[in-house]
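# Turn this into a model:
(one chain, ligands or ions: 1)
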Amino acid sequence: MISIALLTIIFILCGVTRDSCFLFLEVIPTIETTYNIPGAPSLVLLSDLHNTDPAPVISSLHSRHPDLICITGDVLYGIRPEGDRSPLETQANVLPFLSYCAAIAPTFMSLGNHEWMVDQKDLDLMGETGVTVLDNSWIEWNGVVIGGLSSHHVTDYRRFKAAQTTELRYPLPENVAGIRGVIHARDHKPETNWLEEYCYTPGYHILLSHHPEYWPLIRDKKIELVLSGHAHGGQWRAFNHGVWAPGQGCWPKWTRGVYEGRFVVSAGLSNTTWIPRICNPTEVVYLEP
Ligand SMILES: [Fe+2]
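Coordinates of the predicted model:
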């Protein structure tokens with residue numbers, strides 16, 4: 001009874017809108033988490049910005065100066081674009097955030113589910129910030145082979161769009177039902193064929209994979225380090241365990257921390273629902289060898 005009353009008070013304090021939830025969250029600072037991963041380069045893992053204010057992240061990066069910045073997707077908040085305008089135009093924090101990162105250190109990013117609608121023009125704009133977007137592709141950097149595994153929401157939507165005849169850049173509201181059938185399909189899988197050649201490329205392999213629930217698909221591959229986000233720490237944390245995560249459901253396995261010594265999941269930089277994060281601060285994750 002006491003816990004229900006407590007939760008009710010928290011919900012009242014938060015209000016019921018996404019914006020007011022962010023107001024509540026502003027009193028909880030983004031924390032810096034550091035893990036030691038032997039053999040890994042000094043790097044920072046950023047995930048799930050969702051177009052929120054990047055100032056706390058940039059301030060942290062300026063003070064820590066990582067050698068490498070890895071962004072595991074969901075820089076956008078993936079609602080249907082407004083009036084056929086690019087989400088990079090209407091979500092004002094995203095491109096400046098990418099530019100800030102690229103000015104601090106070499107920056108690589110993969111695509112999350114909230115990037116489901118990005119087209120080649122959007123990818124080009126992201127690339128013009130100086131960030132290397134790895135869209136089911138990889139690159140060699142200082143002896144490190146960095147790959148980006150795109151969310152299946154991205155590749156599923158591309159297939160859906162290729163079958164459409166419209167000249168419009170983004171989907172119309174009346175088509176969203178059809179798109180939902182694609183982007184909410186839980187049994188869909190990412191495109192992993194390219195990973196074989198990636199793994200055979202000599203070097204230390206870092207794979208940026210937005211969805212932690214992809215781990216069973218890639219665990220047995222020769223990849224020294226896998227970085228993920230998406231789970232938002234499980235939204236509420238109890239007994240150092242997340243309560244719920246998209247794609248994993250209740251009491252999810254991979255939400256925040258280091259798993260099996262080489263799989264790192266960030267709790268992310270934001271909240272996207274009216275449900276508050278409880279005992280679950282947003283975080284900037286640093287890895288040191
Ligand atoms: Fe996500």
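
# Buried residues in stretch 112-127, which are they?
Buried residues in stretch 112-127, defined by neighbour count with 16 or more other CB atoms under 10 Å: G112, N113, H114, E115, W116, M117, V118, D122, L125, M126. For glycine as for every other residue, the C-beta is placed from the backbone atoms N, C-alpha and C.

# how much space between I79 and M117?
9 Å (CB to CB, to the nearest Å).

# do L95 as well
To M117, L95 is 16 Å away according to CB to CB.

# same check, this time on T90
For T90, the distance to M117 equals 12 Å [CB to CB].

# go on, T129?
Following CB to CB, the distance that separates T129 from M117 is 19 Å.

# what's the overlap in contacts for I79 and M117?
P87 (CB atoms under 8 Å, 6 or more residues apart in numbering).

# Contacts only, for I146.
Contact analysis of I146 by CB under 8 Å, 6+ apart lists C70, F108, L134, W138, I139, E140, I206, L207, L208.

# What about the residues you listed, which one has the most neighbours?
The residue in the contacts of I146 with the most neighbours, by other CB atoms under 10 Å, is C70 (30 neighbours).

# Would you mind giving me the confidence score for that residue?
We have a pLDDT of 98 for C70.

# so what's the residue in the stretch 101-250 of the chain positioned nearest to the ion up against?
Nearest residue of the stretch 101-250 of the chain to the ion (CB to the ion) works out as H230 at 3.7 Å. The contact partners of H230, by CB under 8 Å, 6+ apart, come to 47-48, 72-74, 112-113, 210-212, 245-247, 268.

# Apply 7 Å and report the result again.
For H230, the contacting residues are D48, D74, G112, H210, H211, P212, P246, G247, by CB atoms under 7 Å, 6 or more residues apart in numbering.

# check these against the ion, which are close?
Counting by CB under 5 Å from the ion, D74, G112 from these sit close to the ion.

# out of the contacts of H230, who's nearest V258?
P212 (11.9 Å; CB to CB).

# Wait, the closest one touches V265, no?
Yes: using CB atoms under 7 Å as the test, P212 is close enough to V265 to be in contact (4.9 Å).

# The strand or helix carrying Y35: which residues count as buried?
Using DSSP states H and E, Y35 maps to strand 31-36. For strand 31-36, burial by neighbour count (16+ other CB under 10 Å) applies to T33.

# contacting residues for W244?
Each residue near W244 by CB under 7 Å, 6+ apart is listed here: G234, Q235, C250, P252.
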